[in-house]
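1. This is a predicted model, with the sequence first.
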Amino acid sequence: MNYQFQKVGPNKVSSPAGFAVEAPIGGGVFYEDASGPLEIDSEWLANPPGMILYAKHRDPLQQARLEKALRKIVDALEFLGHRVEVWRDGPI
């Protein structure tokens, strides 16, 4: 699904679909929707520039939520101009 986005900060977008995604330079990705906030581990890459998004969570309930939100998160980060790699096996 293609979502519409509006840039609302240096590295933050919101969608009329009811969610927002932020990728601070210090690391981590923050997703928020009607169910509340969700933090996803990530790393910035230098060469080539981009980001690794670790698609796993310590809490099984949050993991299910992350799986449902993953496409939205990747689309939002790509809207911001970031190349995103999703890793399902990575540090927790």
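-> Cool, the structure landed. Numbers count the residues shown, from 1 in each chain.
2. and the closest residue in space to residue 15 that isn't next to it in sequence, what does it touch?
-> Leaving aside its chain neighbours, residue 15 sits nearest to residue 3 (4.9 Å; criterion: CB to CB, 6 or more residues apart in numbering). Heads up, the C-betas are built off the backbone N, CA and C, glycines and all. Residue 3 sits next to 15, 17, 72, 75, 76 when contact means CB atoms under 8 Å, 6 or more residues apart in numbering.
3. Show me what the helix or strand where the third one lies is packed up against.
-> Taking DSSP states H and E as the definition, one finds residue 72 inside helix 60-79. Taking 3 or more CB pairs under 8 Å, 6 or more residues apart in numbering; DSSP states H and E as contact, the helices and strands that helix 60-79 lies on are strand 12-15, strand 19-22, strand 29-33, strand 36-40, strand 50-54, strand 84-87.
4. Highest mean neighbour count out of those?
-> Among the helices and strands packed on helix 60-79, ranked by average contacts under mean count of other CB atoms under 10 Å, first place goes to strand 19-22 (a mean of 22).
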